[in-house]
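Undergrad: Starting from these lines, generate the structure:
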Amino acid sequence: MLEISGYWNKVSYGGSTGWCSGNYMTTELQAVYKLLEVPYVSQLTPTYAPVGCEPASMLMALKSKGLTDISYKGFLDAMPKSATNPALGFAGSPYVQDASIRTTIYPKPLAEYANTYAGGRAVDISGATVEDIKKEILAGNPVVVYLTTRLEAPVYATYIVDGESQSLLKNNHVVLVTGYDSENNKLRLTDPWSWDGTRYERWVTVSSFAYSYNIRHHAVTVR
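TA: So this is what the prediction gives:
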């Protein structure tokens, strides 16, 4: 299967491509392979923002929908900031690694900022299941997801957020989900961490993705 639209499924079989109602398809035929085309944004070059994975991933999603042509630096500089609280804006600076600050921006303020370009099409879907993320991809919507670095086990540290101590994930990394292969049970991640600007994309098993994603269930989609 190439694509799903409501109850209709776009399939290729015997050299022909067409649409078929899902009511007449077997489970075997309902295998899905979906790739989303997204312009690539590196968080490291030409603009060096070593902790700017959240805005880089979001900018790729916005550009894929034709919602903005702003540069990565312009997007970073206009992003709301906070001294220490990622629930209010990007905590610290995306340009500076600072182990004393949980340098990130949470999904809600990230979606709100994205909607200054997207007009409501950026949706905080935090709490969504992995199945929900698959459905977004099948609908043609890239999803910004908060994972752990290299999908590793979570590591926590204590940070001061607006004067209060909080135990927060230390090895945070944010990427964009841009593909789904049901036959091999894999998701494609478009990762902004590229030193030379070359597209960094990889397929990961749904189980390894779920292990990392389910730690927080943080996600934003652009529809």
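
Undergrad: okay, how far is it across stretch 193-206, tip to tip?
TA: End-to-end span of stretch 193-206 (CA to CA, to the nearest Å): 21 Å.

Undergrad: And the contacts of that stretch?
TA: By CB atoms under 8 Å, 6 or more residues apart in numbering, the list of residues contacting stretch 193-206 from outside reads 40, 42-46, 53, 130, 151, 173, 178-179, 181, 184-192. For glycine as for every other residue, the C-beta is placed from the backbone atoms N, C-alpha and C.

Undergrad: In helices only, show me those.
TA: If you go by DSSP state H, those have Cys53, Val130 in helices.

Undergrad: Would you list the buried entries among the contacts of stretch 193-206?
TA: Of the members of those, the ones counted as buried by neighbours, 16 or more other CB atoms under 10 Å, are 40, 42-44, 53, 130, 151, 173, 178-179, 181, 186-192.

Undergrad: if you look at those, which of them are in strands?
TA: In strands, judged by DSSP state E, the following of the buried ones among the contacts of stretch 193-206 are found: His173, Thr178, Gly179, Asp181, Lys186, Leu187, Arg188, Leu189, Thr190, Asp191.

Undergrad: which residues sit in contact with the last one?
TA: Going back to what we said before, that points to Asp191. By CB under 8 Å, 6+ apart, the residues touching Asp191 are His173, Val175, Leu176, Tyr200, Glu201, Arg202.

Undergrad: what's across from Val161 in the sheet?
TA: Glu164 (DSSP bridges).

Undergrad: isn't it right up against Ala83?
TA: No - judged on CB atoms under 8 Å, Val161 makes no contact with Ala83 at a distance of 9.5 Å.

Undergrad: what residues do the two have in common as contacts?
TA: Both Val161 and Ala83 are contacted by Ala91, under the criterion CB under 8 Å, 6+ apart.

Undergrad: and which of the ones in strands among the buried ones among the contacts of stretch 193-206 is nearest Ala122?
TA: Compare each of these with Ala122 using CB to CB and the shortest gap goes to Thr178, at 15.9 Å.

Undergrad: ok, that closest one to Ser165 distance?
TA: Computed as CB to CB, to the nearest Å, the Thr178 to Ser165 distance reads 37 Å.

Undergrad: residue boundaries of the strands in the protein?
TA: Under DSSP E, the chain gives strands at 3-5, 8-13, 16-21, 33-35, 81-82, 90-91, 122-124, 143-148, 156-161, 164-169, 172-181, 186-191, 200-205, 219-222.
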